[in-house]
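[1] Give me the fold of what follows.
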Amino acid sequence: MDENNNIEAVNNPSSSGIFFRLLSNKKLLLGALIILVLLVIFAVFSFFSIQKNNKIAQARNDVYQKLKIGDYKGAQEAAKKGLAIKKDDEYLIKNFINAVSSQGNKTGKEIDALKISEPYIKELLKGNNSADDLLTAGYAYETAGQYEKALTYYENAISKNPKLSEAYFHKGHVLAFLNRESESQQAYERAYELDPNNPLIILMKATILNKNNSPDDSLNLLLKVGDNESFDKDIRAESYTAASLLEMNRGNNLESKKYAEKAFRTGSEYSTGTALYGYYIGQEKNRYNEGIGYLTSAIKQNPRITFNYLLLGILLRTYNYPKQAVIIQKEGLDRIGEDNTIIGNSAKSAQKGKMYYEIAQTYSFVPDVDNSVKYLKLAIAENSLYESDIQKDLKQDISIR
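    Residues are numbered from 1 along each chain as shown. As a prediction, the model looks like this:
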């Protein structure tokens with residue numbers, strides 16, 4: 001009897017045993033479902049995370065490519081797209097600021113550019129700052145004419161990275177604006193020692209050589225930059241423009257015209273190159289209106305560059321529109337203070353003297369002898385600190401009158 005009962009107990013498990021087995025199976029099933037759900041969530045998260053990272057990487061690449069060809073507006077748009085996905089991305093913030101600053105510098109709207117950049121500068125400079133971060137902030141303030149503030153950023157960048165050539169270059173730039181010439185020269189020389197292949201640093205070296213009466217060496221460096229197609233088109237256009245001006249000052253007008261055309265063909269948005277090209281085109285037979293169009297366009301591109309007004313005034317005067325020429329040249333004269341292509345007080349004084357001289361010449365075409373003599377005297381007064389061929393010419397003109 002007992003044996004049969006035991007057999008029956010084995011063959012007919014109790015209901016409680018079945019319940020616990022079912023419960024155990026349900027727990028396993030629930031655990032499996034939870035794991036499956038977690039895997040799906042992880043897969044979805046990973047998918048969107050990868051998509052996000054890909055979009056940020058694409059934005060960074062787009063910014064880089066736009067900056068490389070001097071498309072500052074395009075770089076800003078690309079950076080904004082990336083920052084909409086990741087608002088604290090350092091690379092995108094930094095290069096958005098650089099693009100805004102460069103665009104402002106190119107169009108003469110530096111103050112507006114700084115207003116746009118400042119919230120991003122504050123974001124960039126949170127926490128520990130790299131030398132590159134400080135360099136970016138410094139450039140934004142430099143282009144807006146806040147040279148003392150920019151200098152502080154550049155010096156801090158150099159203390160972080162004593163081999164950062166661009167910091168020395170920009171330090172030299174702001175020191176020149178602050179009329180600290182010897183310190184400026186030292187900074188430029190250090191920049192060239194560190195990076196003799198940087199196109200901007202080469203351009204500055206060429207400027208120094210020309211100032212030190214080595215125009216042939218200067219021209220060679222300018223063409224080294226202009227002829228290198230791997231460099232930014234605006235930098236190449238600036239280099240050809242400088243070569244054109246160098247040859248103009250040497251009286252080599254055919255060579256000057258050749259480089260002016262190269263500047264325009266290389267980067268038509270570089271306003272001084274456009275102005276020089278228009279000036280030479282306007283002197284050709286039946287191309288006066290075309291030349292005036294290019295010069296007017298150059299002034300619209302960047303209204304603060306005095307030299308463009310100077311050329312437009314000369315061309316108007318050449319075609320017997322002296323009254324219109326005087327108006328244009330006086331507008332250029334008023335722009336000298338804000339023209340940041342003229343570095344230092346001595347350079348501004350020289351440019352002011354040149355503008356006075358050209359206005360005097362234009363008044364002689366009106367004719368208006370009194371105003372002509374008045375502006376010749378102003379030109380001499382502005383240039384009294386140095387001797388030059390033009391000053392001698394001015395004195396001769398005064399004596400004749």
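[2] What about residue 165, how many residues nearby?
    19 (other Cβ atoms under 10 Å). From N, CA and C alone the C-beta is placed, and that goes for glycine too.
[3] Then the one 3 residues further on?
    Burial of residue 168 is recorded as 25 neighbouring residues (other Cβ under 10 Å).
[4] Kindly report the same for the one 10 residues further on.
    Residue crowding around residue 178 was assessed by other Cβ under 10 Å; the count is 17.
[5] hang on, residue 223 packs against residue 243?
    Yes - with contact defined as Cβ atoms under 8 Å, residue 223 and residue 243 form a contacting pair (6.3 Å).
[6] Looking at the two now, which is surrounded by more residues?
    Remark: of residue 223 and residue 243, residue 243 carries more neighbours, 26 against 16, as counted by other Cβ under 10 Å.
[7] Verify the stated contact: that one with residue 252.
    No - the pair residue 243 / residue 252 is not scored as a contact, 10.4 Å apart, by Cβ under 8 Å.
[8] wait, residue 99 sits on residue 64?
    No - taking Cβ under 8 Å as the definition, residue 99 is not a contact partner of residue 64, at 10.9 Å.
[9] out of the two, which sits in the more crowded spot?
    Legend: neighbour count by other Cβ under 10 Å for residue 99 and residue 64, higher for residue 99 (25 against 13).
[10] Would you agree residue 94 is in contact with residue 121?
    No - under the criterion of Cβ under 8 Å, residue 94 makes no contact with residue 121, lying 9.6 Å away.
[11] Contacts for the strand or helix carrying residue 264 next, please.
    Mapping residue 264 onto the secondary structure by DSSP states H and E places it in helix 253-266. Residues outside helix 253-266 that contact it (Cβ atoms under 8 Å, 6 or more residues apart in numbering): 226, 233, 236-241, 243-248, 270, 272-274, 276-277, 279-280, 294.
[12] Try it again at 6 Å.
    The set of residues external to helix 253-266 that reach it, using Cβ atoms under 6 Å, 6 or more residues apart in numbering, is 233, 236-237, 240-241, 243-244, 247-248, 273-274, 276-277, 280.
[13] what two of the residues you listed are the furthest from one another?
    Across those, the longest distance by Cβ to Cβ is 22.1 Å; it joins 233 and 248.
[14] Work out the gap between stretch 80-87 and the centre of the chain.
    22 Å (Cα atoms, centre = their mean, to the nearest Å).
[15] Count the neighbours of the closest residue to residue 357 other than its chain neighbours for me.
    Nearest non-adjacent residue to residue 357, counting by Cβ to Cβ, 6 or more residues apart in numbering: residue 379, 4.2 Å away. Number of residues near residue 379 (other Cβ under 10 Å) recorded here: 26.
[16] Buried ones in the helix or strand containing residue 379, by neighbour count?
    Taking DSSP H and E as the definition, residue 379 sits inside helix 369-382. Buried positions in helix 369-382, judged by neighbour count with 16 or more other Cβ atoms under 10 Å: 371, 372, 373, 375, 376, 378, 379, 380, 382.
[17] With the flanking residues excluded, which residue is spatially nearest to the fifth one?
    Read that as residue 376. Closest to residue 376 by Cβ to Cβ, 6+ apart is residue 360, at 4.3 Å.
[18] Now the element after the host helix or strand of residue 272, going C-ward?
    If you go by DSSP H and E, residue 272 is part of helix 271-282. Counting by DSSP H and E, the next helix or strand C-terminal to helix 271-282 is helix 288-301.
[19] For that following helix, give the mean pLDDT please.
    The average pLDDT within helix 288-301 is 95.
[20] chain center to the helix or strand following that helix, what's the gap?
    Per DSSP H and E, the first helix or strand lying C-terminal to helix 288-301 is helix 306-318. Helix 306-318 sits 26 Å away from the centroid of its parent chain (Cα atoms, centre = their mean).
[21] Give the burial count for residue 93, as a bare number.
    If we define neighbours as other Cβ under 10 Å, then residue 93 has 24 of them.
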